[in-house]
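Engineer: sequence first, predicted coordinates after that:
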Amino acid sequence: MVIRHCRLLALLGLALSAAQLLAQPAHKPAHQASHQARPQLASGVAFGPDGRLWLAGLNEQGHLFVQTAPAANLNKWGTPRVIATGGDAISADGENRPKLAFGPQGWAVISYTQPLAKPYTGMIRMLRSSDGGQTFSPPFTVHADRQEITHRFESITFDAQGVLHTLWVDKRDMELAPKVGKKSSYVGAAIYRNESRDGGASFGPDLKLADHACECCRIALAPGPDGVMRALWRHVFGANVRDHGFAVLSDASPPTVTRATWDDWHIDACPHHGPGLAPTTDGGFHAVWFGMRRQGSDNTAAVRYARLAPDGSPRLDTVRPLPDELAEHGDVLAWGDRVAVVWRSVDGARSTLKAWLSADGGQTFRLAVLGSLSGDNDHPRLAQQGERMVAVWRHPKGVQVYDIRF
């Protein structure tokens, strides 16, 4: 809970630097330093075509499993089914977690980051199914680059045409950059991606989406009105300003990166706190993110919500903090004018799952408390099938699902 405690200290006005409080050094991700001391609860969730809700995660023995719940009762989880991964180590902590996605023709995929022996390195691995998840292939590496370097924090999605998009944080360009003393002159990492048009049976080339991404935050994906996917990620602008970049997953080369947030957070570190993205009805996007905004001599840390224009640029008059100074790891989904933002709020040993709900496209919101528990727990995940939206919250004793009601 490094980030949560740091924000509390900042709010109390203690004279410690924001860089020390709010983030781990960029070269030393917090999840790798501490994940063995906690249950590995980080999981991926998605609805299958038949309405069942699926979860992919690690069990107590560290094995990958899937579990499903029927559409009629999403809290009636079936028996977990272990999936063979050939002995791969698997990251399942915080924002580096197993994920799953469903496409057409019975396609289903599960992805995860496989940590390697060298610190902070990994490979993006995937298993595929052509029978709706009844059986899965052995795991394989998604990207063409096989160096023992950073390939981590992947995101996956199928678009409306059935194309599978995989994006990840990649340091191959940093490895090639000239060194200044013992440090590379390359700032941050890069975002790379590829596409599969046959449900993961084959992949196109590794394509660079952007240089100078932050090193340890999740990548958010959402479709535009044209069906083409967009990405939002924490980006390094100028001299270590950690705001967010936005780009279209098109064939344009080089892609255009739009600056989507303007907190102007100057910090040489990664906060391990990625954004969320969902389409609006007017061709733009709803976005949530965590940042540190400079206001005079004070630093204001908060998870914020805003609407973005179709090109990803911020509509600054819509920027507002969530109504909870302890909010962390917010996510967002939308269906028409209905918008759901969920987050975890941790006060001491107790965690509360909260939602901010709008029925008018994000103009006004009401606050709802969905649940509360003590002890370890995962970040809340949102899942959607048409107009149905749910929040999924995993803890050591099980998984709780909350229907989002407007």
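Structural biologist: Structure's in. What do you need? Numbers count the residues shown, from 1 in each chain.

Engineer: for this protein, which spans come out with low pLDDT?
Structural biologist: Judged by pLDDT under 70, the chain has its weakly predicted residues at 1-37, 295-298.

Engineer: point to the residue nearest the middle of it.
Structural biologist: Arg218 (3.5 Å; CA atoms, centre = their mean).

Engineer: with adjacent residues omitted, what lies nearest to it?
Structural biologist: Spatially, and ignoring its direct neighbours in sequence, Arg218 is nearest to Gly274 (3.2 Å; CB to CB, 6 or more residues apart in numbering). Placement of C-beta: from N, CA and C, glycine included.

Engineer: list the contacts for that neighbour?
Structural biologist: 95, 153, 217-220, 233-234, 289 (CB atoms under 8 Å, 6 or more residues apart in numbering).

Engineer: reformat these as JSON lines; add distance to His165 and secondary structure.
Structural biologist: JSON lines is the format used below for the contacts of Gly274 (distance: CB to CB, whole Å; DSSP: H, G, I helix; E, B strand; the rest coil):
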{"residue": "Glu95", "distance to His165": "18", "secondary structure": "coil"}
{"residue": "Phe153", "distance to His165": "15", "secondary structure": "strand"}
{"residue": "Cys217", "distance to His165": "18", "secondary structure": "coil"}
{"residue": "Arg218", "distance to His165": "15", "secondary structure": "coil"}
{"residue": "Ile219", "distance to His165": "10", "secondary structure": "coil"}
{"residue": "Ala220", "distance to His165": "12", "secondary structure": "strand"}
{"residue": "Trp233", "distance to His165": "13", "secondary structure": "strand"}
{"residue": "Arg234", "distance to His165": "19", "secondary structure": "strand"}
{"residue": "Trp289", "distance to His165": "21", "secondary structure": "strand"}
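
Engineer: ok, Ala359 - how many residues close by?
Structural biologist: 14 (other CB atoms under 10 Å).

Engineer: what's it in contact with, if anything?
Structural biologist: Contacts of Ala359 by CB under 8 Å, 6+ apart are 337-338, 406.

Engineer: from the residues you listed, which single one is nearest Pro49?
Structural biologist: The closest of the contacts of Ala359 to Pro49 turns out to be Arg338 (CB to CB; 22.0 Å).

Engineer: ok, so what distance separates the closest residue to the closest one other than its chain neighbours from Gly386?
Structural biologist: The shortest distance from Arg338 to any residue other than its chain neighbours is 5.3 Å, reached at Phe406 (CB to CB, 6+ apart). Using CB to CB, to the nearest Å, Phe406 is found at 14 Å from Gly386.

Engineer: which one's more surrounded, the two?
Structural biologist: Under the criterion of other CB under 10 Å, the comparison of Phe406 against Gly386 puts Phe406 first, with 15 against 8.

Engineer: from what I can see that one touches Trp335, true?
Structural biologist: No - Phe406 is not in contact with Trp335 according to CB atoms under 8 Å; the separation is 9.5 Å.

Engineer: identify each buried residue in stretch 127-143, please.
Structural biologist: Applying a neighbour-count criterion of 16 or more other CB atoms under 10 Å, one finds 127-130, 133, 136, 139, 142-143 buried in stretch 127-143.

Engineer: if we can go back for a sec, would TSV of the contacts of Ala359 with secondary structure and distance to Ala309 be doable?
Structural biologist: Shown next, in TSV, are these (DSSP: H, G, I helix; E, B strand; the rest coil; distance: CB to CB, whole Å):
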residue	secondary structure	distance to Ala309
Asp337	coil	18
Arg338	strand	21
Phe406	coil	25
